[in-house]
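**Student:** this is a predicted model, with the sequence first.
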Amino acid sequence: MTSPRTLSLALALAAFALGLPAPAAAADRAKIVVGATLPLTGAEARVGGFYKEGYDLAFAEVNEAGGLEVGGKKLPVELVLQDDTSTQATAVSLADRLVNSDKVDLLLGTYASHLVEAQSTVAEQNQIPYVNGGGGATKIYKRKFRWLFGLLSPVELLGTTLMQWADEQQKAGKLPKPAKIALVWENTAHGKDFRTGISEFAGKSGGAWQVVVDESFELNGKDFAALLGKVKAAGVDLFLVDAHLPDYVTMHRQYVSSGMCNKVVSYGARGSEKDAVQALGQENVNGILSGVWWSAQLASSNPQAKRFVDLFKARYGGRTPEWYQALGYETARILFAAVRKAGSTDREAVRKALAETRFESLLPGGWAEFKADVGQQVQNGFVIQQNMPDGSSPIVYPKEVAAAAGIAANPRCPK
Amino acid sequence: MNAPPPPSLAPARVAVLFAAGVAALAALPMVAGLSPYTHNLVTLTFLMVSGALAWNWMGGYVGQVSFGHAAMFGVGGFVAARLLLLEPPAPAPLAWLAGGLAAGVFALGAHPTLRLRGPYFSIATIGLGEASRLVFTYWEGFTGGSSGLSLPLDPGTKYRLYWWGLALVALVLAASWLIRRSTFGLQLLAIKADVEAAADVGVNATLYQDVVFALSGVVVGLTGALYASYFSFIEPNDMFGFDRSISLVLMAVIGGVGTIAGPVLGAVVFVLLRQYLLASYPQLYLGLYGVLLVLIILFEPLGLSGLALRLARRVRRRRGSPAGAAA
Amino acid sequence: MDRLVDLAVSAVLLAGLYATMAYGLGLIYGVLRVVNLAHGGIIMAGAYLGWQMHERLGLDPYLSIPVVLLVTYGFGVLLYRVLVRHLPRGAAGGPASLLLLFGVWLLLRNVAYLLFTGNDQAITTSYSTRAVPLLGSFVSLNRLAVLGIAVVTPVALHLLLRRTYLGRAIRAVAQNADSCTVVGVDVERIYAITFGIGSALAGLAGVLSATIFSFNPAFGSGELLKSFVVVVLGGLGSVLGTGLAALILAVAEVFAILVLPSYLTAAVGFVMLVLVLVLRPGGLFGQRVLG
């Protein structure tokens, strides 16, 4: 039996730690404090870092202009950003702390659907606006939370948009009818939604599209030989995958090594990354289609997008932003726009402004609206890009923003 | 891990201290006016302490280190979640209990591995844990697949979980203490020291290990169930993940495996470290646990509680009290 | 039929990879009776080493193998001398050794994380996607190389263990360490060397893996678990057994896709691990000493 001293020690330690003074509360109206967590370490660290760039840019932009106009005054905005290490429990605890200890005025979201889904409960319970650009799963918004606003379009739409492009090609006779699809998806919320988008489209196509292979794989899988063998044996026309960057590289390497070739290949939102092109070689990524929430090419048709791209390049040494930074930036910017519209940082007022305003946006379509009937998740479309031999990845769909016509069937594949 | 046993205490005194402690913790939120954040943090700590103590029944009392306890955690969580998602939802305590029991039954499935000793058992638990994770993640109908399950948001639940968590901790602490003091506990120690010798003196090692593993499973399942209600959202990779299993091991070992204060201390430290150190130095927490593990294994098998005990002894000795007497 | 041949080829190649990863783990267990949970971390270290040499010195990963072997060997000896040496030997040391080496693994992960961030890396060479036709399907060059090394390594190990004094000393210590002390063998030195060789083999597996997969600091956990399966199946200490066990595991995993959804084929290895431990703790080949 252990001495109660040790037990008392444990309790004392706990009491001491809990009694530690919390960081200075931001109850004063001299500035606006926005709290957020991002996965800066852990599984999603790469993307978390990109989102941070977007957040930082938005905050810098407002502060450099003297502050955010709130009811006649200009108030500086401060971002309190914590690292949630891509873990659900940490994301929730940190959000709790930001709201109840640090007393932030508003919340920005984290990245990755399961983190957003868990964290948004904190916002809803504490009745504080939570705007996120990192949670794309429709499920998050099915709960119809009043305080949750999602700027990332549903991942199902990615699948649907991809299929719409393919459908166009099929109607133009460039792809066979009926056509067979191999659907391979990472077993995450993201992958599941991608798969839903594709299979639902195929299901409604009256036989024009048939999903003959439907398999999921574990994240960071190492050996896809058996899976790719199954796809090869099925003799499909479309090879559609949803994967993170490392799995994309590993799988495509094995795909190329085994001499596979399909008329249409897509890795979901992956495809045009420079890292991947380096790892795989340009000739091996030609023709790969990717569906993204935003592309820098939209700057030629969307003034908000152009403004953002110029701003980003100026701040980050001429680098062209990808959709991650765009979503991060836009999430913060729209929150600011809502505060401006509400004329105060009162939570209910900001919430109302978010729910009822049609915001100009850099997203495809030019507008962002948080409609209650879809749980306040935007439903903007995706843009489909295709890798070209010259190293570019022009948008090929939708037509309004397309920079090039897509190559339907990969010319390298034998008929 | 054969350090000298810590000093013993009269049961009556322990019971009084224990009751006082529980009462104090129960009254704390009302008396101290805790911020919701602190309140929730303590609730989470209660859950982690329960889990660590229950793990310790296998890892510390019986000496079978399990790296697969997340399987029971997950089963408990998802069974409870499913019951809470029914129309109309099952009353929460019932759902939690069902989760715990389901996890206990699930634990019995590991029966064949219980006759393995030492590293063989541990490796087998890794296999069981990972296989469970894959199967349950695939089983969309039960766990919702990678999307997980969202529970209806009920504002009072998270607040009240403090007292439910406290009740669970009190129960598990009491059980740990009772087991330790009982003949059953002695028999477990015998199994830990030498299974064959224990069998020779009539200890039914297989049955006892089954009992302990099942009990451990029930508590860890209960912890998982309460965890589900706490977060209102659970997903299989988080619930069944290897990280989850490892956290239970770390809490018990760093705190002091085999003792009672050990898992308590370990869980408290674990939660506090995550919250405070992690926020400022997120890149270091893995390495910190690694260093702690190495140091503890090499120098202080009773972990942080062993360290605390040594300090206490030294202080007592300096004060001039007779050495070795019961505290 | 074509499909089956494809699967068989994939299985053999995968077996090569698994075998390479498992040799080090098996050697250390066979001689020291210690389960090296840091094995995964050392594999990861080997991968990063090879990658760094490729990035900074432009060294082809296969040419960097000797360097990786040397460095990880040194690390293994160091690990033994500083930490593992203090562990109690035998059954009593079981959980302690597991936890200690697990702690080392966490440390390695953190160090890699601090040095290289958590981003995924890969070694890309001009021949990374090159493949040769074989039996109707295409086989990646890198995988063939791994298979080649997987076959050569046990031969080299066998020669070491049978034909050299060191090898005989290692085998003797594995059989009965106390008697060895009596006849003047420096058991501690043998243990350190064995740990070093085992680590070197892990490092080798790492740099080879880096030519095929992407990796990050968390790399190695899946590989470690697969290595367990192979080592336990093969009889913990039998080098020939390890090779055959790797083949059995690979075949089971690859052909499982014919009956299981692809996602669940990953569970096959774990189920096999538990079954073999429960049914035949001595492994399929029942050998407990180096053979």
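**Tutor:** Thanks, I have the structure now.

**Student:** the nearest residue to residue C:212 once chain neighbours are set aside: what's it in contact with?
**Tutor:** Nearest in space to residue C:212, with sequence neighbours left out and distances taken as CB to CB, 6 or more residues apart in numbering or on different chains, is residue C:142 at 5.2 Å. For every residue, glycine as well, the C-beta is placed using N, CA and C. Shown in contact with residue C:142 (CB atoms under 8 Å, 6 or more residues apart in numbering or on different chains): C:127, C:128, C:208, C:211, C:212.

**Student:** mind checking how far residue B:290 is from residue C:38?
**Tutor:** 10 Å (CB to CB, to the nearest Å).

**Student:** what is in contact with those two at once?
**Tutor:** Common neighbours of residue B:290 and residue C:38 (CB under 8 Å, 6+ apart) are C:104, C:105, C:108.

**Student:** those also near chain B: which ones?
**Tutor:** C:104, C:105, C:108 (CB under 8 Å from any CB of the partner chain).

**Student:** distance of the closest residue to the last one other than its chain neighbours relative to residue C:65?
**Tutor:** In other words, residue C:108. In this structure, residue C:108 finds its nearest non-sequential neighbour in residue C:41, 3.5 Å apart by CB to CB, 6+ apart. Separation of residue C:41 from residue C:65 (CB to CB) stands at 19 Å.

**Student:** what ranges do the helices span in the stretch 101-250 of chain B?
**Tutor:** Along the stretch 101-250 of chain B, counting by DSSP state H, counting those that start in this stretch, helices occupy B:118-138, B:140-143, B:155-181, B:183-193, B:195-200, B:205-231, B:236-239, B:242-256.

**Student:** again, but for chain A
**Tutor:** Assigned by DSSP state H, chain A shows helices spanning A:4-19, A:45-64, A:88-100, A:113-126, A:138-142, A:155-171, A:189-203, A:225-234, A:245-257, A:274-280, A:282-285, A:303-315, A:323-342, A:347-356.

**Student:** could you save the helices of the stretch 101-250 of chain B as CSV and add columns showing mean neighbour count, mean pLDDT and distance to chain A?
**Tutor:** What follows is the helices of the stretch 101-250 of chain B, written out as CSV (neighbours: other CB atoms under 10 Å in any protein chain shown; pLDDT from 0 to 100; distance: least, CB to the nearest CB, whole Å):
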stretch, mean neighbour count, mean pLDDT, distance to chain A
helix B:118-138, 24, 91, 6
helix B:140-143, 16, 93, 8
helix B:155-181, 18, 93, 6
helix B:183-193, 17, 86, 10
helix B:195-200, 14, 80, 22
helix B:205-231, 25, 94, 6
helix B:236-239, 26, 94, 5
helix B:242-256, 26, 91, 8
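
**Student:** right, and those helices - which one's nearest chain C?
**Tutor:** helix B:118-138 (3.0 Å; CB to the nearest CB).

**Student:** elements contacting that closest one?
**Tutor:** When contacts are defined as 3 or more CB pairs under 8 Å, 6 or more residues apart in numbering or on different chains; DSSP states H and E, helix B:118-138 packs onto helix B:70-84, helix B:140-143, helix B:236-239, helix B:242-256, helix C:94-116, helix C:221-234, helix C:265-279.

**Student:** what residues are up against the residue lying closest to residue A:297 once chain neighbours are set aside?
**Tutor:** Closest residue to residue A:297 apart from its sequence neighbours, by CB to CB, 6+ apart: residue A:395 at 5.2 Å. Contacts here follow CB under 8 Å, 6+ apart; on that basis residue A:395 touches A:295, A:297, A:298, A:383, A:384, A:385, A:401, A:402, A:403, A:404.

**Student:** when residue B:290 and residue C:38 are compared, which one has more neighbours?
**Tutor:** residue C:38 (30 against 24; other CB atoms under 10 Å in any protein chain shown).

**Student:** okay, and the residue nearest to residue C:212 sits in which element?
**Tutor:** helix C:141-163 (DSSP states H and E).

**Student:** got the angle for that helix vs helix A:245-257?
**Tutor:** 90 degrees (axes from the mean of the first three to the mean of the last three CA atoms, to 10 degrees).

**Student:** distance check, the spatially closest residue to residue A:407 that is not a sequence neighbour against residue A:309.
**Tutor:** Excluding its sequence neighbours, the residue lying closest to residue A:407 (CB to CB, 6+ apart) is residue A:287, at 6.0 Å. To residue A:309, residue A:287 is 26 Å away according to CB to CB.

**Student:** between the two, which one's more packed in?
**Tutor:** residue A:287 (25 against 21).

**Student:** now that one. Its backbone dihedrals?
**Tutor:** Main-chain torsions, residue A:287, degrees, to the nearest 10: phi 90, psi -10.

**Student:** flag every buried residue along stretch A:61-70.
**Tutor:** By 16 or more other CB atoms under 10 Å in any protein chain shown, the buried positions in stretch A:61-70 come out as A:61, A:62, A:63, A:68, A:70.

**Student:** so what's the second one up against?
**Tutor:** Read it as residue A:62. Applying CB under 8 Å, 6+ apart to residue A:62 gives the contacts A:68, A:77, A:336.

**Student:** what pLDDT does the last one get?
**Tutor:** In the predicted model, residue A:336 carries a pLDDT score of 96.

**Student:** on that earlier part again, could you pull out the buried residues of the helix holding residue C:142?
**Tutor:** C:141, C:142, C:143, C:145, C:146, C:147, C:149, C:150, C:153, C:154, C:157, C:161.

**Student:** ditto for stretch B:99-118
**Tutor:** Here stretch B:99-118 shows B:99-107, B:110, B:113-114, B:116, B:118 as buried, counting by 16+ other CB under 10 Å.

**Student:** out of the residues you listed, who's nearest residue C:232?
**Tutor:** residue B:116 (10.7 Å; CB to CB).

**Student:** which phi and psi does the closest one have?
**Tutor:** Dihedral angles (degrees, to the nearest 10) for residue B:116: phi -80, psi 150.
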